[in-house]
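Novice: Okay, sequence plus prediction incoming.
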Amino acid sequence: MKPHNHHAAPVPKVNHRSNRLLAALEPDDFAALEPHLHEVNLQQDQVLYEAGDPLRHAYFPHDTVVSLVAVLKDGRSAEMAVYGREGALGLVSAVTAVHSFGRYIVQAKGTASRIELERLHEVIGRCPKVRQLVLRFTEAMMARVLQNVACNAVHSVEARACRWILSMHDRLDRDTVPLTHEFLADMLGVQRSTVSSITRALQEAGLIRQGRGVITVTNRAGLEQTSCECYGTVRRSFERLLPHTYRHSTTTDLRQQRRCS
């Protein structure tokens, strides 16, 4: 099987610490990782791994968003997890014979720091604080995945769509985010026509503005109110485990977050 775009061209002026997980490391711990990090360009719709591919690298996104998608036998798909500058994808506990559980697809083009899993595990093995940070991120991701399971079971498609748009807004730090109706339908596991009627209603309510292949957030507070409680629950979980993950203050919870000890 051909590798899937693992040889993305390196780019100059690397700032690995624009990834917030790497930014949270103390200088000595970051210095242990830095020689093994390489910045790569990721293109929209690029597939990093297909289901079953061996995982060889971890990626720390800077200004890109990558979705982990379950692809079903009938061709339908649904989002299992999403990764942005708050974390990393491909962080697995074993080095040998680990295979991708689904398709990792780039949703918003940008750059990421890439590291061979073998090198990453060497650093984790000798740097307790790196290991602790990775474990905190893994715990936050697990909380997000479990919350999403509950959300998909009980909350409306409109509320889930708002949650998705907000999560993209958080990761990209800009109001206009790349989001087609097709992709949002895939992520939410619904028909494209359902997404079209929801986004039209959100636009009529003045919460978003639709463009070609993009959605612009025009009323973030309104989107948060229309979203389900799951958005705030996941945010609080991340901010408790990984302070300074988010740039935007959320209107649903303005209490000062307690820093991790």
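Specialist: Yep, it's here.

Novice: Sketch out the strands for this protein, chain order is fine.
Specialist: In the chain, strands defined by DSSP state E lie at 38-42, 47-49, 57-61, 65-71, 77-83, 103-108, 110-116, 176-178, 208-211, 214-217, listed in chain order.

Novice: can you pull the contacts of residue 188?
Specialist: Taking C-beta atoms under 8 Å, 6 or more residues apart in numbering as the contact definition, residue 188 lies against 78, 79, 157, 160, 161, 164, 194, 195. (C-beta placed from N, C-alpha, C; glycine too.)

Novice: Could you tell me the per-residue confidence at it?
Specialist: Residue 188 is assigned a predicted lDDT (pLDDT) of 87.

Novice: Residue 105 contacts residue 71, correct?
Specialist: No - judged on C-beta atoms under 8 Å, residue 105 makes no contact with residue 71 at a distance of 9.7 Å.

Novice: Tell me how far the closest residue to residue 234 other than its chain neighbours lies from residue 33.
Specialist: Across the structure, with C-beta to C-beta, 6 or more residues apart in numbering as the measure, the residue nearest residue 234 apart from its sequence neighbours is residue 144 (4.8 Å). Plainly put, residue 144 is 24 Å away from residue 33 if you go by C-beta to C-beta, to the nearest Å.

Novice: just to revisit the earlier point, burial of the residue nearest to residue 234, as a residue count?
Specialist: The burial metric for residue 144, expressed as a neighbour count using other C-beta atoms under 10 Å, is 21.

Novice: Quick one: residues contacting it.
Specialist: 81, 234, 237, 238.

Novice: Please indicate which of those has the highest neighbour count?
Specialist: Each of those was scored for neighbours by other C-beta under 10 Å, and residue 238 scores highest at 24 neighbours.

Novice: I'd like the strands of the chain as CSV, with distance to residue 15 and mean pLDDT appended.
Specialist: Conversion of the strands of the chain to CSV gives the following (distance: least, C-beta to C-beta, whole Å; pLDDT from 0 to 100):
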stretch, distance to residue 15, mean pLDDT
strand 38-42, 8, 97
strand 47-49, 21, 96
strand 57-61, 11, 96
strand 65-71, 18, 91
strand 77-83, 18, 85
strand 103-108, 18, 93
strand 110-116, 9, 96
strand 176-178, 22, 92
strand 208-211, 29, 95
strand 214-217, 25, 95
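
Novice: Quick one: closest of those to residue 126.
Specialist: With distances scored as C-beta to C-beta, the stretch of these nearest to residue 126 is strand 110-116 (14.9 Å).

Novice: List the buried residues of the closest one.
Specialist: For strand 110-116, burial by neighbour count (16 or more other C-beta atoms under 10 Å) applies to 110, 111, 112, 113, 114, 115.
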